[in-house]
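Undergrad: Test case, fold it:
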Amino acid sequence: MNAVLPAGVSLRRPARHVDQRGDLAEIFRRDWDVGPDPVQWNLVRNRPNTLRGVHAHVRHSDYLMVVTGQMRLALKDIRSDSLTLGLAAELDLCADDLCVVIIPPGVAHGFHCLHEAVHLYAVTDYWSPSDELGCAWNDPDLGFDWPLNNPPLLSERDNAAGSLADLIVQWTHQSEQPTGG
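TA: I've put the predicted structure just below:
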């Protein structure tokens, strides 16, 4: 993977310890300094041709790894103060080539699984609807090249999502709000 990524997005390849039984990979260590500690872990099973997103978060970072199958991860920097504002990037992630991707707040992202896949991700703030912003996966301003043969399986929320322009307005407004209860 030699893609240019939005500022703050990072990749980590866990070391694999292999023997005749299989292998072990350390997927998270606090001493890696990947950012704030996760407070919640999630396991997601994806049916063939599932597309999740495009989502952006104001408060939490995602720590993502594909554990079975593969996915296309698409990223778009929507942070007005970022050196990579507007940058779109795509990564093809595969469980056979373990890779952890850390996605900071303000980097919109979506996942497409052509075949069945499972991904594991951690978040640095508990799930909240106010931190789940989104836009239509097929908004041309995203600049994503999804590997679709048929219309994707979408959640009701993702199917009804608005434009990237609207997402940017929402994200900017919410990111300027003071944090706290």
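Undergrad: Can you list phi and psi of the closest residue to Val100 other than its chain neighbours for me?
TA: By the measure of Cβ to Cβ, 6 or more residues apart in numbering, the closest residue to Val100 outside its immediate chain neighbours is Arg12, 4.4 Å from it. C-beta: built from backbone N, CA, C; applies to glycine. Taking degrees, to the nearest 10, you get phi -140, psi 130 for the backbone angles of Arg12.
Undergrad: Relative to the centre of the chain, find the outermost residue for me.
TA: Distance from the C-alpha centroid of the chain, by Cα atoms, centre = their mean, peaks at Gln20 (33.5 Å).
Undergrad: So which residues of the protein form helices?
TA: Ranges of helices within the chain are 156-159, 164-175, based on DSSP state H.
Undergrad: Pipe the ones you listed into JSON lines and attach mean neighbour count per row.
TA: Listed next are those as JSON lines, based on neighbours: other Cβ atoms under 10 Å:
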{"stretch": "helix 156-159", "mean neighbour count": "12"}
{"stretch": "helix 164-175", "mean neighbour count": "17"}
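Undergrad: among the ones you listed, which is nearest Thr50?
TA: Proximity to Thr50, assessed across these by Cβ to Cβ, is greatest for helix 156-159 (10.1 Å).
Undergrad: in the protein, which residue is closest to the centre?
TA: Closest-to-mean residue, the chain, Cα atoms, centre = their mean: His109 / 4.7 Å.
Undergrad: And it, how far from Phe144?
TA: Distance, His109 to Phe144, by Cβ to Cβ, to the nearest Å: 10 Å.
Undergrad: Repeat that for Thr68.
TA: In terms of Cβ to Cβ, Thr68 sits 23 Å off from Phe144.
Undergrad: more crowded one of those two?
TA: Ranked by neighbour count (other Cβ atoms under 10 Å), Thr68 and Phe144 place Phe144 first, with 21 against 15.
Undergrad: That one contacts Ala74, correct?
TA: Yes. Here Phe144 reaches Ala74: they are 4.3 Å apart, a contact under Cβ atoms under 8 Å.
Undergrad: Identify the contacts common to those two.
TA: Common contacts of Phe144 and Ala74, defined by Cβ atoms under 8 Å, 6 or more residues apart in numbering, comprise 54, 88, 90, 110.
Undergrad: would you list those residues in JSON lines and tack on distance to Asp166, neighbour count and pLDDT?
TA: Converted to JSON lines, the shared contacts of Phe144 and Ala74 look like this (distance: Cβ to Cβ, whole Å; neighbours: other Cβ atoms under 10 Å; pLDDT from 0 to 100):
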{"residue": "Val54", "distance to Asp166": "12", "neighbour count": "26", "pLDDT": "98"}
{"residue": "Ala88", "distance to Asp166": "17", "neighbour count": "18", "pLDDT": "97"}
{"residue": "Glu90", "distance to Asp166": "22", "neighbour count": "18", "pLDDT": "96"}
{"residue": "Gly110", "distance to Asp166": "16", "neighbour count": "27", "pLDDT": "97"}
